[in-house]
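S.K.: What follows is a predicted structure for the sequence shown.
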Amino acid sequence: MLNRPATDTQVTHLQRLWLYVLCGLVIFFLIVPTLLVIPMSFSDSRYLDFPPESWSLRWYRAYFNSPEWLQATAVSFQVAFLTMLLATATGTLAAYGLHATRARSSRYMTVLLTLPMIIPVILLAVGIFLTFAPVGLNSTIGGLMLAHTILAIPLVMITVTAGMQNFDINQEMVARSMGASRPWAFLTVTLPQIRNSVMSGALLAFIISLDEVVIALLIAGGDKATLTRRMFLALRDEIDPTIAAISTLLIAFSVLMLTLSQILQSRK
């Protein structure tokens, strides 16, 4: 079965072996540099050292005993959580509205809402900085949340739109014909059937906010500096192995979030 095609047009696994090897090599070279930071985080050296000559939890203790790092972590998670709530609600409603409408303008609205994914982030950061400066939103939790929401909405909208392709809108119309209002029909009929897509979009919104650094470099500062901004500045000013410990924790957290997402989706 490995090398004998069932039909004349079938491509066997053996014939695609070169593609499997190529994809495996690409994945290997993408993942290995990320995983190298894990053993470096357990090094006792004052500098980033691989392979570590001695093992220690020194840099994890340095992270958890540092008020500056912990404050930046709290700001990042607070902003990411608020961004997740706002971007999920906005992106889901946008996806629902574009899916339900039959107007030709919906195509242009889709392009408009996905522009933050096309425009370079540095240009968005400069525009957001100039917009927020007159109204005092720079270096605030609200300003960071709004800025990150701009980046997260397209991802949520695309994810939810993909989930709605398998949903029959006539089911909601039946509920409305029986007296349910449109918001109530959406909450009780549509949303339960697309909840996996909504949860996936929420997860993406949380992660993109937690990992964002370019916008944070311009509009975050002082006691409202995010974790990624502080990490970037630490790499610029000095090579602090504490960054390796923080990166390892972020990797573990991301893997945990993705695992939970898969578990929730498998329970459907």
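M.R.: Arrived safely, thanks for sending. Numbering: from 1, shown residues only.
S.K.: Check what contacts stretch 163-179 and list those residues.
M.R.: For stretch 163-179, the external contacting residues (CB atoms under 8 Å, 6 or more residues apart in numbering) are 95-96, 99-100, 182, 184-186, 188-190, 193-194, 196-198, 200. Glycine gets a C-beta too; all of them are placed from N, C-alpha and C.
S.K.: any idea where the helices of the stretch 51-200 of the chain begin and end?
M.R.: Taking DSSP state H, counting those that start in this stretch, the helices of the stretch 51-200 of the chain run over residues 58-64, 67-100, 105-113, 115-118, 121-132, 141-164, 169-177, 182-185, 191-193, 195-211.
S.K.: Make a markdown table out of these and add distance to residue 247 and mean neighbour count.
M.R.: As requested, the helices of the stretch 51-200 of the chain are exported to a markdown table (distance: least, CB to CB, whole Å; neighbours: other CB atoms under 10 Å):
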| stretch | distance to residue 247 | mean neighbour count |
| --- | --- | --- |
| helix 58-64 | 10 | 17 |
| helix 67-100 | 12 | 19 |
| helix 105-113 | 32 | 12 |
| helix 115-118 | 25 | 12 |
| helix 121-132 | 20 | 15 |
| helix 141-164 | 20 | 22 |
| helix 169-177 | 44 | 14 |
| helix 182-185 | 43 | 13 |
| helix 191-193 | 36 | 13 |
| helix 195-211 | 11 | 21 |
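S.K.: any idea how far residue 218 is from residue 250?
M.R.: When distances are taken as CB to CB, to the nearest Å, residue 218 and residue 250 turn out to be 22 Å apart.
S.K.: quick one: contacts for residue 72?
M.R.: Applying CB under 8 Å, 6+ apart, we find residue 72 in contact with 225, 226, 227, 229, 230.
S.K.: try it again with 7 Å
M.R.: Taking CB atoms under 7 Å, 6 or more residues apart in numbering as the criterion, residue 72 is in contact with 225, 226, 227, 230.
S.K.: Within the helices and strands, which one has the last one?
M.R.: Following DSSP states H and E, one finds residue 230 within helix 227-237.
S.K.: List the buried residues in stretch 22-41.
M.R.: Judged by neighbour count using 16 or more other CB atoms under 10 Å, the buried positions of stretch 22-41 are 37, 40, 41.
S.K.: got the CA coordinates for it in CSV?
M.R.: Coordinates of each C-alpha in stretch 22-41 appear next as CSV, following Å, rounded to 0.1, in the frame of the first residue of the first chain:
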residue,chain,number,x,y,z
LEU,A,22,11.6,18.5,3.3
CYS,A,23,8.7,19.5,5.6
GLY,A,24,10.4,17.6,8.5
LEU,A,25,13.7,19.5,7.9
VAL,A,26,11.9,22.9,7.8
ILE,A,27,10.0,22.2,11.0
PHE,A,28,13.2,21.0,12.6
PHE,A,29,15.1,24.2,11.8
LEU,A,30,12.2,26.3,12.9
ILE,A,31,11.7,24.5,16.3
VAL,A,32,15.2,23.7,17.4
PRO,A,33,16.4,27.3,17.9
THR,A,34,13.3,27.8,20.1
LEU,A,35,14.0,24.7,22.1
LEU,A,36,17.7,25.6,22.7
VAL,A,37,16.6,28.3,25.1
ILE,A,38,15.2,25.7,27.5
PRO,A,39,18.5,24.1,28.6
MET,A,40,20.1,27.6,28.6
SER,A,41,17.6,28.7,31.1
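S.K.: what is the mean pLDDT for it?
M.R.: In this model, stretch 22-41 carries a mean pLDDT of 80.
S.K.: How far off centre is that stretch?
M.R.: Here the centre of mass of C-alpha atoms in stretch 22-41, compared against the chain's by CA atoms, centre = their mean, to the nearest Å, lies 20 Å away.
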